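Novice: Dropping a prediction and its sequence here:
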Amino acid sequence: MRAAALIVIVLFAACGSGGSGSSPDRIRRDKDAGAAVAIVDRPGAVVTEYAPEQEPNDDPATAMALTGGARGTLDGELDVDAFALTVPAPGMVAMKVTGVEGVDLKLELRDERFALVVTGDRGPAGAPETVPNAPVDKGTYHVVVREIPKKRKKPPKGAKDAAVGRTGASPPYELSATLLPAPASGGEREPNDDEGTANELALGEPATGWIGWGGDKDTWKLAIEALAEGNGLDLSVTAVEGTALTMEVTDAAGRALVKTSAGAGQPLAIKSLAPRLDPGEAAVHHIRITGKPSNPEDPYTLSIATRLLDLDEEAEPNGRTSQSNALRFGVEDQGAMRGQAAPGDKAAAGHDFGKMCEVREAQQAGHLAFIQKRLNITAGQQDAWNRFTTKVAVANEPVNTLCTSLAGQPRPTTLPQRLDRAEQMMNARTAQFSAMKVAAVELYAQLTPEQQAVADKLLSRGPGGPGHGPGRRG
């Protein structure tokens, strides 16, 4: 039942506490070069035909106009083919060059002054190269195809230097460059390498990005001003074939909160992240996604869900004593705390769980305000919302009363004592859930389909399924 999502949202509010061809310089391969990959067109990337290359075209003055596609050859390992691309409006460009047998190609995007913007050099000799979403403004750019010469052994002392590398025309390549509009909401906009160029990220709305080239860093900015104390974040990044991803979360001052990495082709997850906000700091966090090797073909999806943390739940970050979490009542021994730490992460735990009860009412009010804002409650729905919040307050009384009564008591030490306390908590939450169900169903019926969809999406990747207690994922 769709109304269950709204029930669980509010229930957790009550239960609450990621050059030129003549240059003699050798061109080095990007550090993340890997195996060849197959090219798969992205939507809208359609090329009509390939115009034959016109030499000379090795610098901006002689660059051939590129109107969609071109077919050319490299006349020796030092040859450079430059193509002028006219961009009528800001957006992105997707570039691809087919593989050439026995030749290691490098694909570059350069600006009007021929300064390098991005580079595509992922595959070895014979592999295609792709740049999926290079940023462009209105003006002229240059798409450049060049060869990475093979490394040759240094001749013995006194011996003549070996002959030059590959000479003569290479097998033909096919080059395409397709202009794309600026991405829609949730789509990555390059450049976004640092906090100053970070893309905005909305809670509950997935974002899509690419590790498009060697050294690519994707930074996302998440506003947290709507989160009350005790709210937690669950972050997840889908797997990218052949790429080992890393996700790092930092606060507004750039301090690292948590970092996690996974093996090639594996997803990432950070659960129960408690945002950190010091007085005077901007209410934002930054999530940086990196990976090796790059993969310009397969995007990742970053999702963030928010919820009130359980009273017995471990929150990240807690690797230092100054960041230790107060243990919640119910199950308080350190071994029973729940949470997912990144590889190499360590957990610290405090024992002043009473602090979590002191702010319960503020947490509940803050989370209700967050829900009201996200649902965009109208003036005509205000009476229904007021009735809902009144019933929520009544439903919260069993758990709030239990929390207050337990705050001053010593921590249970024996198994029977812990079971007694867990039973008390279960009974209080059962009574709370029964009352909450009536209130949530009544409000849900007054929402528009769009508002109902928002309510459903708030918990699309967070609590709301089978697990440790009502609405808690294991």
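Specialist: Done, it's in. Residues are numbered from 1 along each chain as shown.
Novice: Pass me the low-pLDDT residue ranges in the stretch 251-400 of the chain, would you?
Specialist: By pLDDT under 70, the low-scoring segments of the stretch 251-400 of the chain are 310-364, 366.
Novice: Now do the strands in it.
Specialist: All strands of the stretch 251-400 of the chain, identified by DSSP state E, counting those that start in this stretch, fall at 256-261, 268-273, 284-292, 295-308.
Novice: next one: the stretch 1-150 of the chain
Specialist: Under DSSP E, counting those that start in this stretch, the stretch 1-150 of the chain gives strands at 51-52, 64-65, 69-72, 80-87, 91-97, 105-110, 116-120, 129-136, 139-147.
Novice: which helices and strands does the fifth one pack with?
Specialist: Taking 3 or more Cβ pairs under 8 Å, 6 or more residues apart in numbering; DSSP states H and E as the contact definition, the neighbouring helices and strands of strand 91-97 are strand 105-110, strand 129-136, strand 139-147, strand 173-180. For every residue, glycine as well, the C-beta is placed using N, CA and C.
Novice: Just say which of those strands is most tucked in.
Specialist: strand 129-136 (a mean of 25; mean count of other Cβ atoms under 10 Å).
Novice: So residue 247, which state does it fall into?
Specialist: strand (DSSP: H, G, I helix; E, B strand; the rest coil).
Novice: for residue 129, what are its contacts?
Specialist: Contacts of residue 129 were listed using Cβ atoms under 8 Å, 6 or more residues apart in numbering, and they are 96, 97, 99, 105, 106, 107, 120, 121, 122, 123.
Novice: Quick check: the gap between the fifth one and residue 55.
Specialist: I take that to be residue 106. 19 Å (Cβ to Cβ, to the nearest Å).
Novice: could you dump the strands of the stretch 251-400 of the chain to TSV with mean neighbour count and distance to residue 91?
Specialist: TSV is the format used below for the strands of the stretch 251-400 of the chain (neighbours: other Cβ atoms under 10 Å; distance: least, Cβ to Cβ, whole Å):
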stretch	mean neighbour count	distance to residue 91
strand 256-261	18	32
strand 268-273	22	29
strand 284-292	22	22
strand 295-308	23	17
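Novice: closest to residue 215 out of those?
Specialist: For the strands of the stretch 251-400 of the chain, the distance to residue 215 is smallest for strand 284-292, at 8.5 Å, taking Cβ to Cβ.
Novice: What lies in contact with the closest one?
Specialist: 18, 31-32, 195, 198, 201, 209, 211, 216-224, 235, 237, 240, 243-252, 254, 257, 275, 300, 302, 304.
Novice: Now do the helices in this structure.
Specialist: 3-15, 354-358, 360-375, 382-407, 415-446, 449-457 (DSSP state H).
Novice: List the buried residues of the last one.
Specialist: By neighbour count, and taking 16 or more other Cβ atoms under 10 Å as the criterion, the buried residues in helix 449-457 are 451, 452, 454, 455, 456, 457.
Novice: Stretch 423-443 too?
Specialist: 424, 425, 428, 429, 432, 433, 435, 436, 437, 439, 440, 443.
Novice: and what of stretch 165-173?
Specialist: Of all the residues in stretch 165-173, those buried under the rule 16+ other Cβ under 10 Å are 166, 170, 173.
Novice: Check pLDDT for the residues you listed and point me to the minimum.
Specialist: pLDDT is lowest at residue 166 among the buried residues of stretch 165-173; the value there is 88.
Novice: Please report how far the nearest residue to residue 88 once chain neighbours are set aside lies from residue 449.
Specialist: Nearest residue to residue 88, sequence neighbours excluded (Cβ to Cβ, 6 or more residues apart in numbering): residue 138, at 6.4 Å. Shown here: residue 138 relative to residue 449, a distance of 40 Å by Cβ to Cβ.
Novice: next one: residue 372
Specialist: Remark: distance between residue 372 and residue 449 (Cβ to Cβ) = 18 Å.
Novice: which ones are touching residue 83?
Specialist: 57, 63, 64, 65, 66, 70, 142, 143, 144, 145, 175, 177.
Novice: rewinding a little: Throw the strands of the stretch 251-400 of the chain into a markdown table and include distance to residue 182, thanks.
Specialist: Listed next are the strands of the stretch 251-400 of the chain as a markdown table, based on distance: least, Cβ to Cβ, whole Å:
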| stretch | distance to residue 182 |
| --- | --- |
| strand 256-261 | 30 |
| strand 268-273 | 27 |
| strand 284-292 | 20 |
| strand 295-308 | 16 |
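Novice: Which among these is found nearest to residue 387?
Specialist: Per Cβ to Cβ, nearest to residue 387 of the strands of the stretch 251-400 of the chain: strand 295-308, 21.8 Å.
Novice: What angle do strand 105-110 and that closest one make with each other?
Specialist: 60 degrees (axes from the mean of the first three to the mean of the last three Cα atoms, to 10 degrees).
Novice: Which strands border strand 295-308, and is each parallel or antiparallel?
Specialist: strand 207-211 (antiparallel), strand 231-237 (antiparallel) (DSSP bridges).
Novice: out of those strands, nearest to residue 412?
Specialist: When these are ranked by proximity to residue 412 (Cβ to Cβ), strand 231-237 comes first, at 24.4 Å.
Novice: tilt between the closest one and strand 256-261?
Specialist: Using the same axes, to 10 degrees: strand 231-237 against strand 256-261 is 30 degrees.
Novice: mean confidence score for strand 231-237?
Specialist: 89.
Novice: on that earlier part again, mean pLDDT and distance to residue 400 for the strands of the stretch 1-150 of the chain - can I get that in CSV?
Specialist: Converted to CSV, the strands of the stretch 1-150 of the chain look like this (pLDDT from 0 to 100; distance: least, Cβ to Cβ, whole Å):
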stretch, mean pLDDT, distance to residue 400
strand 51-52, 92, 73
strand 64-65, 96, 71
strand 69-72, 94, 67
strand 80-87, 96, 59
strand 91-97, 93, 51
strand 105-110, 94, 59
strand 116-120, 88, 55
strand 129-136, 89, 49
strand 139-147, 97, 61
